[in-house]
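**Student:** quick one: sequence plus predicted model below, questions after.
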Amino acid sequence: MDKIVRRNSKVKSSKLSFRQNFTRHYKFFILFTIIAIIGFFLFYFYPIIRTFMLSLTNKTLYSASSEFVGLENYMYALKTDTMFAKSLKQSLIFALVSGVFVLITSLLLALLLNSKVKLLGAFRTIYFLPFIIPSFAVGAVYKNLLNPSTGFVNKLLNLVGISDPPLWYASPSSALLTMIIISSFGFGVKMVVFLAALQEIPEEYYEVAELEGASKFKQFFKITLPIISPMVFFNVILITIDGLRSFSLAFVMGNGSGWPSNSTLLFPIYMFMTAFNMPFRLGYAAAMAWLFFLIILGFTLLQFGLSKLYVKKDLN
Amino acid sequence: MKRITKALLLPLLLITFLSSCEPRVDTLQIALDIEDEGRYDELFAYFSEKTGYQIKATYGQDIGKLIGTKNEPDIIKTSTVVVESMKETLLDLNSFIEKSTVVKTTNYVSSLMDALTIDNKVYALPTSINTSLLYYNKTLFDNSANELRLTLNLDPLESVYPQADWDYEDYQKAGLVLSKYSSSGSNLFYSQFGAETQLNWWGEWLVYLQQMGGSFYEADSNNRICALTSPEAIAATTFFREKSMGGINKKFAPNAIELTGDASFMGGNIAMIFGGHMGDWYSYDALNLDWDVQVLPTPVGLPNARGGEISADAFGISIRSKKSQQAFAFLEVWTGEEGALQMFKYGKVSALKNMDELINTLPNDQQKDINIEAVFSAIEKALTLPRERDFAKVMREMVMSELYLLMYDGRGSKSDVGEVLTTIKNNVDAYYRGLYG
């Protein structure tokens, strides 16, 4: 019966003109998607193409005209610019170390929040809070707390007998590490993603495992982790991109210039400084943006490749 | 239904269109700093009355973005430092100046006009200047008057404040007296310092370097080879370092770590600033600091040493302006005597050569209670920054970042001045080789 109805509607549909078909099936689809498509072309596609065109020129922020220089900007970044290499290296260290920390912390906290503890709602809100607070404000607060001369943390360390407390963000040897520690508290969204995945795991799996005598440790590695592995992959991608693109915190901690001694100079900050500080090399900054895009793309593809090793699609 | 919709939408469209059109008034646009909001309304009104042109000022907008989006105002703010980078967006003012009965390039401090003139084209006219001075907190000096008299061998009637003939030794002696600390074991905790340390900006260090006879670039190198391994550079950097890092008999300024605390001239617990910025005068007054200025101390045995920095805000006309003639008429007022007097109300000193005479014409209540003669003496001895597009980048990324390592104790810090200066020289030279071959 079903088949007959479907066949009849197909016949009817084929008899309708294109216009009628469009009106009936696609009108609203096109209308709603066109807004997003226009937005994509205006605010993403056009700037991406424009940036590429810029990257092939020696345009500065204030120059009325510019010359085509081919791949010169790209070659200069890769072969000559030591600051390009330094900022890239620091961004990678920042993304990798803080990423690992965020991943582990968010998973651990999600596991804790998934258990039956009192005041669960309050804990969830508290752990999610750092994500809601803007990075600029977070940076400013931590700068106060970790001030080597007047900060609360060093005063506390002095009180417990540590006479030579760390210099935190004021020393070039510890400034990046300080930033990594601060950014590691930004686990809110990742924790929520893990929590959602954990809550989807049927309780029966654990009951059966317990009956068979599996320890909690074994349950985690044999049941929990394989089931939430797609979410681990999703979070790894998010964390990598977030870490590499990190700007606001580094801007506040490094006074917008990688202070002290370029130790907090992350790649996006260097790119920004190149374009908007003297000598305002917009074309070169655009080339750096493209190189950075390719690097992020490379890392994302690598993650996709590696995901085959740990993402379980079928538990059986 | 369609007719009703059209009937509603069309008038709405028309109203929107009409309301977006401004009444046609002859206006000139200018973009100013956020702190200038409202300060020059009187001057704008004066100009409107004189010419019939309204001045539409916007405040705190990023001029780079305005130019990048082709929305720049008719009158563009630049400075002696950035004019080289901005010159392509600015009109050559020579033809206007030739016709003008008011503006002559000789009206302004010549070193500033030289900085604003590139390849014989005048890209902007200077307004308010900044030059290096010795700033001091009179209250802190008064509080230590007796000790200062003893240390500087002053008669009871002589002033304890900094004098025009001070050398670095006097500066250091006074700085040591004005530094107050308590000790706990081998640690010293400073509650007050004799002088500030400038680590975010090259001003202070560069002045020491130039006053001691050194220079950043080697002469005749077209500003491409760094000259920081000279004995003068080593002496200047050693002095810069020791005033923050020296022993108890040499240290009178905060080191990099102490700078993160609450030590500051504005906070009232630092007695002197070597260099400083004239743009801060307004803040000092707003904070009710009892302050004054003196010419910079000079190295021992070099009383006529030059080396203080001079720069100026300047205004030019956009190459896209359709009202360049009127814009220049405004520049005549803005960079002329009317503008100078209006700016002086807010602590800005004009680049006009006769500014000291202009100030003398003001009634007493409008004059500033500071040693204004010191400003004009300082201008005579000051130098503009090297004309080099990458100078600020080099200073920021290669010089101050390395000098920072000399200014604290702990992991990663350095103490060998010669080694640090050699590193800077190598990095700067490599940078220019990379750029120009």
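**Tutor:** Cool, the structure landed. Quick caveat, the model's predicted, so the values are computed rather than measured. Residues are numbered from 1 along each chain as shown, chains lettered A, B, ... in the order given.
**Student:** what's near enough to touch A:Pro260?
**Tutor:** A:Tyr169, A:Ala170, A:Ser171, A:Pro172, A:Ala175, A:Gly254, B:Ala256, B:Ser401, B:Tyr404 (C-beta atoms under 8 Å, 6 or more residues apart in numbering or on different chains). All C-beta spots, glycine's among them, are computed from the backbone N, C-alpha and C.
**Student:** which of the residues you listed tops the neighbour count?
**Tutor:** A:Tyr169 (29 neighbours; other C-beta atoms under 10 Å in any protein chain shown).
**Student:** separation between that one and B:Leu406?
**Tutor:** Distance, A:Tyr169 to B:Leu406, using C-beta to C-beta, to the nearest Å: 19 Å.
**Student:** how about A:Arg281?
**Tutor:** According to C-beta to C-beta, A:Arg281 and B:Leu406 sit 29 Å apart.
**Student:** the more surrounded of the two?
**Tutor:** Taking neighbours as other C-beta under 10 Å, A:Arg281 and B:Leu406 compare with A:Arg281 leading, 26 against 23.
**Student:** ramachandran angles for that one?
**Tutor:** Backbone geometry at A:Arg281, expressed as degrees, to the nearest 10, gives phi -80, psi 90.
**Student:** quick one: the strand or helix carrying A:Ser106 near chain B?
**Tutor:** Counting by DSSP states H and E, the element that carries A:Ser106 is helix A:82-114. Yes: Helix A:82-114 lies within reach of chain B by C-beta under 8 Å from any C-beta of the partner chain, at A:Thr82, A:Met83.
**Student:** just checking, what packs against that helix?
**Tutor:** Contacts defined by 3 or more C-beta pairs under 8 Å, 6 or more residues apart in numbering or on different chains; DSSP states H and E place helix A:82-114 against helix A:120-132, helix A:175-183, helix A:188-199, helix A:225-245, helix A:267-276, helix A:282-310, helix B:417-436.
**Student:** buried ones in it?
**Tutor:** Buried residues in helix A:82-114, counted by 16 or more other C-beta atoms under 10 Å in any protein chain shown: A:83-84, A:86-88, A:90-92, A:94-99, A:101-103, A:105-107, A:109-111, A:113-114.
**Student:** how far off helix B:417-436 does that helix point, in degrees?
**Tutor:** Between the axes of helix A:82-114 and helix B:417-436, defined by axes from the mean of the first three to the mean of the last three C-alpha atoms, to 10 degrees, the angle is 100 degrees.
**Student:** for chain A, what are the nearby residues on chain B?
**Tutor:** So chain B meets chain A at B:64, B:67-68, B:81-82, B:85-89, B:200, B:256-258, B:260-262, B:319, B:389-393, B:396-397, B:401-402, B:404-405, B:408, B:410-413, B:427, B:430-431, B:434 (C-beta under 8 Å from any C-beta).
**Student:** change it to 6 Å
**Tutor:** Applying C-beta under 6 Å from any C-beta of the partner chain, we find that chain B lies next to chain A at B:64, B:67, B:85-86, B:88-89, B:257, B:260-261, B:389-390, B:392-393, B:401, B:404-405, B:410-412, B:434.
**Student:** which stretches of chain B form strands?
**Tutor:** Listed in chain order, the strands of chain B (DSSP state E) span B:27-32, B:54-59, B:75-79, B:117-118, B:121-122, B:125-131, B:133-137, B:180-184, B:187-195, B:270-275, B:291-294, B:310-317.
**Student:** ok, which of those comes nearest B:Leu362?
**Tutor:** Closest to B:Leu362 of the strands of chain B is strand B:125-131 (C-beta to C-beta; 16.3 Å).
**Student:** quick one: contacts for B:Val102?
**Tutor:** Residues counted as contacts of B:Val102 (C-beta atoms under 6 Å, 6 or more residues apart in numbering or on different chains) are B:Glu332, B:Gly336.
**Student:** now, the contacts of A:Pro260 that are in helices?
**Tutor:** When the contacts of A:Pro260 are checked against helices (DSSP state H), the matches are A:Ala175, B:Ala256, B:Ser401, B:Tyr404.
**Student:** so can I have JSON lines of those residues showing distance to A:Thr23?
**Tutor:** Below are those laid out as JSON lines (distance: C-beta to C-beta, whole Å):
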{"residue": "A:Ala175", "distance to A:Thr23": "62"}
{"residue": "B:Ala256", "distance to A:Thr23": "71"}
{"residue": "B:Ser401", "distance to A:Thr23": "65"}
{"residue": "B:Tyr404", "distance to A:Thr23": "69"}
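**Student:** which one among the residues you listed gets closest to B:Gln29?
**Tutor:** With C-beta to C-beta as the yardstick, the closest approach to B:Gln29 among the ones in helices among the contacts of A:Pro260 comes from B:Ser401, at 38.3 Å.
**Student:** low-scoring pLDDT stretches of the stretch 201-316 of chain A, where are they?
**Tutor:** The model of the stretch 201-316 of chain A has pLDDT under 70 over residues A:314-316.
**Student:** which parts of it sit against chain B?
**Tutor:** So the stretch 201-316 of chain A meets chain B at A:Pro260, A:Ser261, A:Asn262, A:Met278, A:Pro279, A:Phe280 (C-beta under 6 Å from any C-beta).
**Student:** now those in CSV, with secondary structure?
**Tutor:** As requested, these are arranged in CSV below (DSSP: H, G, I helix; E, B strand; the rest coil):
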residue, secondary structure
A:Pro260, coil
A:Ser261, coil
A:Asn262, coil
A:Met278, coil
A:Pro279, coil
A:Phe280, coil
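**Student:** from those, which two are the most distant?
**Tutor:** A:Pro260 and A:Phe280 (24.2 Å).
**Student:** once you drop chain neighbours, what's closest to A:Phe185?
**Tutor:** Once flanking residues are discounted, A:Phe185 sits nearest to A:Pro130: 4.6 Å by C-beta to C-beta, 6 or more residues apart in numbering or on different chains.
**Student:** one more: B:Glu72?
**Tutor:** Excluding the flanking residues, the one nearest B:Glu72 by C-beta to C-beta, 6+ apart is B:Leu66, at 4.5 Å.
**Student:** quick check: that neighbour touching B:Ile75?
**Tutor:** No: shown here, B:Leu66 and B:Ile75 do not form a contact pair, counting by C-beta atoms under 6 Å, at 11.7 Å.
**Student:** higher neighbour count, those two?
**Tutor:** Shown here are B:Leu66 and B:Ile75; by other C-beta under 10 Å, B:Ile75 has more neighbours (26 against 18).
**Student:** near the closest residue to that one other than its chain neighbours, how many other residues are there?
**Tutor:** With sequence-adjacent residues excluded and distances taken as C-beta to C-beta, 6+ apart, B:Ile75 is closest to B:Ile30, at 4.2 Å. Using other C-beta under 10 Å, B:Ile30 has 23 other residues around it.
**Student:** wait, B:Ile30 sits on B:Tyr59?
**Tutor:** No: in this structure, B:Ile30 is not within contact of B:Tyr59 by C-beta under 6 Å, at 9.8 Å.
**Student:** okay, now B:Arg411: neighbour count?
**Tutor:** Count around B:Arg411 with other C-beta under 10 Å applied: 11.
**Student:** show me the one of the helices and strands packed on helix A:82-114 that comes nearest B:Asn360.
**Tutor:** When these are compared by C-beta to C-beta, helix A:267-276 sits nearest B:Asn360, at 42.1 Å.
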